[in-house]
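Trainee: Kindly generate the corresponding structure for this input.
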Amino acid sequence: MPLEVGHRVRDLLGPEVYEEIPETGHGPYLEKPEAFNELVVGFLKAFSGNPE
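Mentor: As a prediction, this is how the structure comes out:
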């Protein structure tokens, strides 16, 4: 998916649910799993109401 599509999604959903991982392609979960997992866990904590 082109980065432009991600930017359109960001504009629709808001910047708080959009994050880019630099120097990754289509599969950031494979290319940079630590960064990807950190973002996913942070997102889940923020929207679950559970800070831990």
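Trainee: Where is the longest helix in the chain?
Mentor: helix 33-48 (DSSP state H).
Trainee: Figure out how far that helix is from the centre of its chain.
Mentor: 8 Å (C-alpha atoms, centre = their mean, to the nearest Å).
Trainee: now swap in stretch 22-30 and tell me
Mentor: 11 Å.
Trainee: got a list of contacts for it?
Mentor: Applying C-beta atoms under 8 Å, 6 or more residues apart in numbering, the contact partners of stretch 22-30 are 1, 21, 31-32, 35-37. Using the backbone N, CA and C atoms, a C-beta is placed for each residue, glycine as well.
Trainee: Buried ones only from these, please, as a PyMOL command.
Mentor: Selection of buried members from the contacts of stretch 22-30 for PyMOL, criterion 16 or more other C-beta atoms under 10 Å:
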select buried, resi 32+35+36
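Trainee: Flag the shaky bits of the protein, pLDDT-wise.
Mentor: 50-52 (pLDDT under 70).
Trainee: From Gly25, how far out is the residue nearest the centre of it?
Mentor: Centroid-nearest residue in the chain, with C-alpha atoms, centre = their mean: Glu19, separated by 4.1 Å. Distance, Glu19 to Gly25, by C-beta to C-beta, to the nearest Å: 15 Å.
Trainee: With Gly14 instead?
Mentor: Using C-beta to C-beta, Gly14 is found at 24 Å from Gly25.
Trainee: Asp11 too?
Mentor: In this view, Asp11 and Gly25 are 22 Å apart by C-beta to C-beta.
Trainee: which of the residues in stretch 18-28 are buried?
Mentor: Quick answer for stretch 18-28 (16+ other C-beta under 10 Å): 19, 28.
Trainee: Straight-line length of it, end to end?
Mentor: Across stretch 18-28, the terminal residues are separated by 14 Å (C-alpha to C-alpha, to the nearest Å).
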